[in-house]
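K.L.:
how would this look folded up:
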Amino acid sequence: MGDAAAAAQVAVDLRGVLGRLNRRLRQQADVGDLTRSQLNVISHLERKGPTTVSDLARAEGMRPQSMGATVAALEDAGFLRRDPHPADRRKTAISLTDSAREQIAASRLVRQDWLQRALSRELTDEELEQVHRAVGLLSRIVGNL
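P.N.:
Have a look, this model is predicted:
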């Protein structure tokens, strides 16, 4: 198998495994009946902080009207709040509520605990070290994107 063919096969295999791992992690910490768009908004706000509906729409590749509906649903569910924009009082800044931050932290801990237990249960010390090295290699790839 040539280098390109080997890389192609590893890419297919890795994508499949990471997809299954991601699904398993999502199953571990139920975040309710949120849509993928709603989860993306919550994730964006957690990473980047408060922003406007227009900026969220642009970041997620959505129309502002569609993003407005997504934000309204999250606000009704208690995940988001609206405050006057600090730089432009004509705008509204959307941010996560304290309750949403607590839910995110709890969900992250549940997923972390599940993954730690699965690694300990399924892998030998040597295999765990191999995974540790692989994580370093994957971090290099992600850092180059």
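K.L.:
next one: N144, what pLDDT does it get?
P.N.:
On pLDDT, N144 comes in at 65.
K.L.:
also A29?
P.N.:
For A29, the predicted pLDDT is 69.
K.L.:
and V10, by the same measure?
P.N.:
Per-residue pLDDT puts V10 at 93.
K.L.:
what about it, helix or strand, and which?
P.N.:
helix 3-28 (DSSP states H and E).
K.L.:
list the helices and strands that helix packs on?
P.N.:
In terms of contacts (3 or more Cβ pairs under 8 Å, 6 or more residues apart in numbering; DSSP states H and E), helix 3-28 is packed against helix 98-122. The way it works is simple: take the backbone N, C-alpha and C, and place the C-beta from them, glycine included.
K.L.:
buried sites along the helix holding V10?
P.N.:
Of the residues in helix 3-28, L25 count as buried by neighbour count, 16 or more other Cβ atoms under 10 Å.
K.L.:
cool, and stretch 59-68?
P.N.:
By 16+ other Cβ under 10 Å, the buried positions in stretch 59-68 come out as M62, M67.
K.L.:
contact partners of that stretch?
P.N.:
S37, N40, V41, H44, K48, T51, V53, S54, L56, A57, T70 (Cβ atoms under 8 Å, 6 or more residues apart in numbering).
K.L.:
ok, 6 Å please
P.N.:
N40, H44, V53, S54, L56, A57 (Cβ atoms under 6 Å, 6 or more residues apart in numbering).
K.L.:
contacting residues around the spatially most central residue of the chain?
P.N.:
By Cα atoms, centre = their mean, the chain has its centre lying nearest to S43, at 5.3 Å. S43 sits next to no residue when contact means Cβ under 6 Å, 6+ apart.
K.L.:
for E60, see how far away it is.
P.N.:
Using Cβ to Cβ, to the nearest Å, S43 is found at 10 Å from E60.
K.L.:
next one: V71
P.N.:
V71 is 11 Å from E60, by Cβ to Cβ.
K.L.:
equivalent analysis for G143, please.
P.N.:
G143 is 23 Å from E60, where distance means Cβ to Cβ.
K.L.:
swap in V10?
P.N.:
Note on V10: its distance to E60, by Cβ to Cβ, is 30 Å.
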